[in-house]
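**Student:** Compute the structure for the input listed below.
(2 chains)
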Amino acid sequence: MDQARTWDAAKSGAERNEPQRYNPDEIEPRWQARWDAQPDLYAAEPATCGKPKFYCLEMLPYPSGQLHMGHVRNYAIGDALARFMRMRGYNVLHPMGWDAFGLPAENAALKNNTPPREWTLKNIAQMKAQMSRIGYSYDWAGTETTTCLPEYYRWNQWFFLKMVERGLAYRKSSKVNWCPQCATVLANEQVVAGCCWRHEEQIVEQRELEQWFLRITRYADELLDGLNEMPGWPEKVRTMQRNWIGRSEGAEVDFVVAPALGEQAGKVAIKVFTTRIDTIFGATSIQLAPEHVLVKEWAKIDPALSRAVASMIAEQKAARETGDIGNIEKHGVATGRMAINPFTGERLPIWVANYILADYGTGAIMSVPAHDERDFDFASKYGLPEKRVVAGAGEEDAPLPYIGEDAVLVDSGEWTGQSCAAAQEKMALFAQQRGFGKKTTTYRLKDWGVSRQRYWGTPIPMVYCERGHEGVEPGGVVPLPESALPVLLPEQVEITQAGGSPLAWVPEFLHTTCPVCGGPARRETDTMDTFVDSSWYFYRYADAKNPFQPFDPQTANYWFPIDQYIGGVEHAILHLIYSRFWTKVMRDMGMIRNSEPAERLFTQGMVIKDGAKMSKSKGNVVSPDDMIARYGADATRMYALFAAPPDRDLEWQEEGVAGISRFLARVYRLGTKYAETVRKATGRPEAGSETAQRLLRSLHQTIAKITEDFQARWHFNTCIAAIMILVNEITAAEPSLDRGEVSSATLAEMLRTLTLLLAPFAPFLAAELWQQMGGSRQVFAQAWPTADAELAKEHEIEIPVQVNGKLVNVIKLPAQADEAAIKAASLADERVKARLADKTIVKHLVIDKTSGKLVNLVVK
RNA sequence: GCCCGGAUGGUGAAAUCGGCAGACACAGCGGACUUAAAAUCCGCAGGCCCUAACCGGCCGUGGGGGUUCAAGUCCCCCUCCGGGCACCA
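**Tutor:** Coordinates of the predicted model:
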């Protein structure tokens, strides 16, 4: 405990008659108890309420058990917005829930022998208590959603069955990312620089496994094109998603392999993918990925090739695992086989090269050294020829490789003279007509692997029929009927770190009957990726208690799209791309009308300390509980909004929190000092005295400023600065107030409005002052104040006068002074005169903008 | 390599449409109150120069150029920092 607090407590006890000492430890829990007793306090109204709707959403937390400062900031932003919009007359939906499945619960189970469910629910209770202590205005009663409970995850299963029906969920064996520490598969999105997203030091291995996939690639084009029509999303996020989807348009062309002795002619063709079919006359070799099927075949009968290929595969694997795939030295080996260029009839040698990736495009390329840098490097190394087939105007002899596309074809048969762009179209079409190719598009985006070999997740509602039945082979996969849902996750399961799902060791779970033939069946023992849970939770919020369906479509259509989504940029790809995918699937199922989940997205900056992200290993973690204990929830959350604009990183400085706390104490002293006067005040505010006029003017300027900064700019830091300025002015006017120079009605207007302005940022203090000042109902249910432009108007304005663009003096004039008067006054100013001596005036500019006036004298 | 951000006092930042750079705070310094300290209140505070002090002058928003009566803000070039993608054919 710091000294200040100890002293404070002692003194406030000794001086019980001095009510103006700010003590958040007393005020905040008192209001918290009141609010907690009404779980529907912040409930949204029905669609029929007639107000415009506003869906304010913050990303749901993983229930680790402890809120961190990033949460506090994220939720302080959302809460200020929700409170503001409520006061502005909107019907606000402000929900909260728990992303409650996931690996940490299993790790905790291993460590302390606590069942994951118990551990998770305990953490939720803890974090909910923290949130309540901070005073966030969530509609707990109406929206709270916990993804690890069957009431929620049964709908994951339901969606999964719908996706199976629609061909959007399928099973295949594939090479997958495997994290040995998680002992499970990772989605591509969960691999960062070759390492696990949860274990930054752990290199991800590649394993071959049977997995469930969701066909997100079916929506690749829509996911990509939609980004162009999302002005409410940050450009950064849209760019990241564009890169991630990685669409590249080009063509596939078949190069027939020249038959070896004893082989039939024209039997085997190599499909290459190229974005530059216009350069095909310049192809001088074909390059295959080491894992290409043909390579495997040829390697069988060619031990030397086999060895070379094996070492390349090992090399690629190692490079991929360390994230160095882009830096490995290019090399390759000739197979001795030839392929025929369908455009020229030329025979090209077929090579295997370590820079060709099996999982992109077709795993085969045509190598055009003259017009591709990588091919050029490779060809130079092995003495393969370069053949120029493209040249820019006046650049016929430009050095190779020549990459430009604003050029025309040369030495390309009948295509010679065509522009690259035209040739790309026409040559692809030609290939298609002749049956040896077509236009095609490839994506970096892969289907979403959702199987996890873990216990603490949603069971996948599929079984394997052991005997088989009509249309299903023995061991074949059968979807469960909807009536079999939910497939409950068994409790009392022993968690092991070994590979494979722990569910496979639970006989009661594993063994079941086939829903079609009634014969014995085994359940799928993998569970779903937790990103499934978070892909649609915000729809459930709109109708969280619905026992019959994931949500009522009509209700969802009222609330969606989300008006404002707020969260960290670290979810720019994973969660935000899956959510968009899920929304489109639900739209196609006819459940909703919107194609995108959120109208606007805001990504707040990180909370840092000593210039680095807070982390246990760096020892720079600031605990929210600690801050609240020292300075109160109001000061803590207000500092999180004041110290930086919300999109920037925020450096946590405890002295700053103390500063906000001092400010709140000043407000409290001011409010309580005049509370009785305010309570008893009657009549209308009036600008009787000069002080009253000045105060009212400041008040209305402040209302205008805060309203504007809040809704148009999201600059909460300047909103709070404006409140501070107002408080400073009222404090400075205290002698006047005490002399009775301002009517009690005017004073009441000042202090009540100040309280309303403070309400979105410091809800506890605002509630307390509002009550002490005799306000009716709760402060957050009040209407947001409106600025009176007339009262806000300045009577006298200050006009800076510049000479040659340099400030010389500031003159004061009545607000209505016209241009002639301003010119005259500026020339009459002594300091200006001094500057003008022996000079000629070239121009005498009077600038008049809404932001203010300015004079500039241009002299020679 | 490509793409997206960012750089302003000792610190966090402000300047919304091209118009007084540094609002509002933090830290600091000086003063009042106090036996003392804390708290609170009042004041000072970008840098340099001139001055005993005032008065005053010059410079200043990562660097260089440009447009303009006027540039932190617009244009061109560059540096550094953060983030994303990357032998993606």
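**Student:** what's A:G392 in contact with, if anything?
**Tutor:** A:G392 makes contact with A:398, A:402, A:404, A:406-408 under the criterion Cβ atoms under 8 Å, 6 or more residues apart in numbering. All C-beta spots, glycine's among them, are computed from the backbone N, C-alpha and C.
**Student:** For stretch A:494-506, C-alpha coordinates in CSV please.
**Tutor:** Provided in CSV are the C-alpha atoms of stretch A:494-506 (Å, rounded to 0.1, in the frame of the first residue of the first chain):
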residue,chain,number,x,y,z
GLU,A,494,-7.8,-38.2,-18.5
ILE,A,495,-5.8,-35.6,-20.3
THR,A,496,-2.5,-36.7,-21.7
GLN,A,497,0.1,-34.8,-23.6
ALA,A,498,0.6,-37.7,-26.0
GLY,A,499,-0.5,-37.3,-29.6
GLY,A,500,-4.0,-38.2,-30.5
SER,A,501,-7.2,-37.0,-29.1
PRO,A,502,-7.8,-37.9,-25.4
LEU,A,503,-11.4,-38.7,-26.4
ALA,A,504,-10.2,-41.8,-28.2
TRP,A,505,-9.5,-43.3,-24.8
VAL,A,506,-13.0,-42.8,-23.5
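**Student:** and the contacts of A:G392 as JSON lines, adding pLDDT, secondary structure and distance to RNA strand B?
**Tutor:** Output for those, formatted as JSON lines (pLDDT from 0 to 100; DSSP: H, G, I helix; E, B strand; the rest coil; distance: Cβ to the nearest atom of the strand, whole Å):
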{"residue": "A:A398", "pLDDT": "78", "secondary structure": "coil", "distance to RNA strand B": "17"}
{"residue": "A:Y402", "pLDDT": "86", "secondary structure": "coil", "distance to RNA strand B": "15"}
{"residue": "A:G404", "pLDDT": "81", "secondary structure": "coil", "distance to RNA strand B": "13"}
{"residue": "A:D406", "pLDDT": "82", "secondary structure": "coil", "distance to RNA strand B": "15"}
{"residue": "A:A407", "pLDDT": "87", "secondary structure": "coil", "distance to RNA strand B": "16"}
{"residue": "A:V408", "pLDDT": "90", "secondary structure": "strand", "distance to RNA strand B": "19"}
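**Student:** start to end distance for stretch A:448-463?
**Tutor:** 21 Å (Cα to Cα, to the nearest Å).
**Student:** Stretch A:398-409 now?
**Tutor:** The separation between the terminal residues of stretch A:398-409, taken as Cα to Cα, is 14 Å.
**Student:** do the same with stretch A:560-577
**Tutor:** End residues of stretch A:560-577 are separated by 17 Å (Cα to Cα).
**Student:** Buried residues of that stretch, list them for me.
**Tutor:** Under the neighbour-count criterion of 16 or more other Cβ atoms under 10 Å, stretch A:560-577 has A:560-569, A:571-577 buried.
**Student:** Of those, which belong to strands?
**Tutor:** A:564-568 (DSSP state E).
**Student:** Nearest residue to whichever residue of the stretch 401-550 of chain A sits closest to RNA strand B in space, please, no chain neighbours.
**Tutor:** Nearest residue of the stretch 401-550 of chain A to RNA strand B: A:R444, at 4.3 Å (Cβ to the nearest atom of the strand). Distance criterion Cβ to Cβ, 6 or more residues apart in numbering; nearest residue to A:R444, sequence neighbours excluded, is A:G246 at 2.7 Å.
**Student:** So what does the one you found have for phi and psi?
**Tutor:** phi 50, psi 60 (degrees, to the nearest 10).
**Student:** who touches it in this structure?
**Tutor:** So A:G246 contacts A:443-445 (Cβ under 8 Å, 6+ apart).
**Student:** In PyMOL, how would I select the buried members of those?
**Tutor:** Only the buried entries of the contacts of A:G246 go into this PyMOL selection, using 16+ other Cβ under 10 Å:
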select buried, chain A and resi 443+445
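**Student:** Let me have the contacts of A:G246 in CSV, extended by distance to A:G50 and pLDDT.
**Tutor:** Converted to CSV, those look like this (distance: Cβ to Cβ, whole Å; pLDDT from 0 to 100):
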residue, distance to A:G50, pLDDT
A:Y443, 46, 90
A:R444, 47, 88
A:L445, 43, 90
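**Student:** Model confidence at the residue nearest to A:R444, what's the number?
**Tutor:** With respect to pLDDT, A:G246 has a value of 88.
**Student:** now it: how far from RNA strand B?
**Tutor:** According to Cβ to the nearest atom of the strand, to the nearest Å, A:G246 and RNA strand B sit 5 Å apart.
**Student:** What number of residues are in the vicinity of whichever residue of chain A sits closest to RNA strand B?
**Tutor:** Per Cβ to the nearest atom of the strand, A:G659 is where chain A lies closest to RNA strand B, at 2.5 Å. Close neighbours of A:G659, defined as other Cβ atoms under 10 Å, add up to 17.
**Student:** One more: the one 4 residues further on?
**Tutor:** For A:F663, the tally of surrounding residues (other Cβ under 10 Å) stands at 21.
**Student:** can you check A:C514 too?
**Tutor:** Around A:C514 there are 21 other residues, counting by other Cβ under 10 Å.
**Student:** which residues does it contact?
**Tutor:** A:463, A:465-467, A:469, A:478, A:520-521.
**Student:** and the residue of chain A closest to RNA strand B, helix, strand or coil?
**Tutor:** helix (DSSP: H, G, I helix; E, B strand; the rest coil).
**Student:** For it, give me its contacts.
**Tutor:** The neighbourhood of A:G659, defined by Cβ under 8 Å, 6+ apart, consists of A:Y639.
**Student:** thinking again about what came up before, highest neighbour count among the contacts of A:G392?
**Tutor:** Neighbour max across the contacts of A:G392 (other Cβ under 10 Å) = A:Y402, 23 neighbours.
**Student:** quick one on the thing from earlier: just the buried residues of stretch A:560-577 that are near RNA strand B?
**Tutor:** A:569, A:573 (Cβ under 7 Å from any atom of the strand).
**Student:** okay, and for the stretch 401-550 of chain A, where does confidence drop off?
**Tutor:** Scanning the stretch 401-550 of chain A for pLDDT under 70 picks out the ranges A:497-499.
**Student:** how does chain A divide up, domain by domain?
**Tutor:** Structural domains of chain A, as assigned by automatic domain parsing, span the residue ranges A:3-147+A:532-613, A:154-225+A:447-530, A:248-442, A:648-792, A:796-859.
**Student:** which stretches of the stretch 101-250 of chain A form strands?
**Tutor:** Secondary structure of the stretch 101-250 of chain A (DSSP state E, counting those that start in this stretch): strands at A:145-146, A:169-179, A:184-186, A:191-192, A:195-196, A:205-214, A:248-257.
**Student:** my bad, the stretch 701-850 of chain A
**Tutor:** Using DSSP E, counting those that start in this stretch, the strands of the stretch 701-850 of chain A run over A:796-803, A:806-814, A:841-849.
**Student:** now swap in the stretch 551-700 of chain A and tell me
**Tutor:** Using DSSP E, counting those that start in this stretch, the strands of the stretch 551-700 of chain A run over A:564-568, A:601-604, A:607-609, A:612-613, A:650-651.
**Student:** List the strands paired with the third one, with their directions.
**Tutor:** Paired with strand A:607-609 in the same sheet, following DSSP bridges, are strand A:612-613 (antiparallel), strand A:650-651 (parallel).
**Student:** Would you mind pulling the contact partners of it?
**Tutor:** Applying Cβ under 8 Å, 6+ apart, the set of residues contacting strand A:607-609 is A:68-70, A:72-73, A:614, A:620-622, A:640, A:649-652.
**Student:** In helices only, show me those.
**Tutor:** Under the assignment DSSP state H, these contribute A:69-70, A:72-73, A:640 to helices.
**Student:** and those residues as JSON lines, adding distance to RNA strand B and neighbour count?
**Tutor:** Shown next, in JSON lines, are these (distance: Cβ to the nearest atom of the strand, whole Å; neighbours: other Cβ atoms under 10 Å):
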{"residue": "A:M69", "distance to RNA strand B": "14", "neighbour count": "21"}
{"residue": "A:G70", "distance to RNA strand B": "15", "neighbour count": "22"}
{"residue": "A:V72", "distance to RNA strand B": "16", "neighbour count": "24"}
{"residue": "A:R73", "distance to RNA strand B": "12", "neighbour count": "27"}
{"residue": "A:A640", "distance to RNA strand B": "11", "neighbour count": "30"}
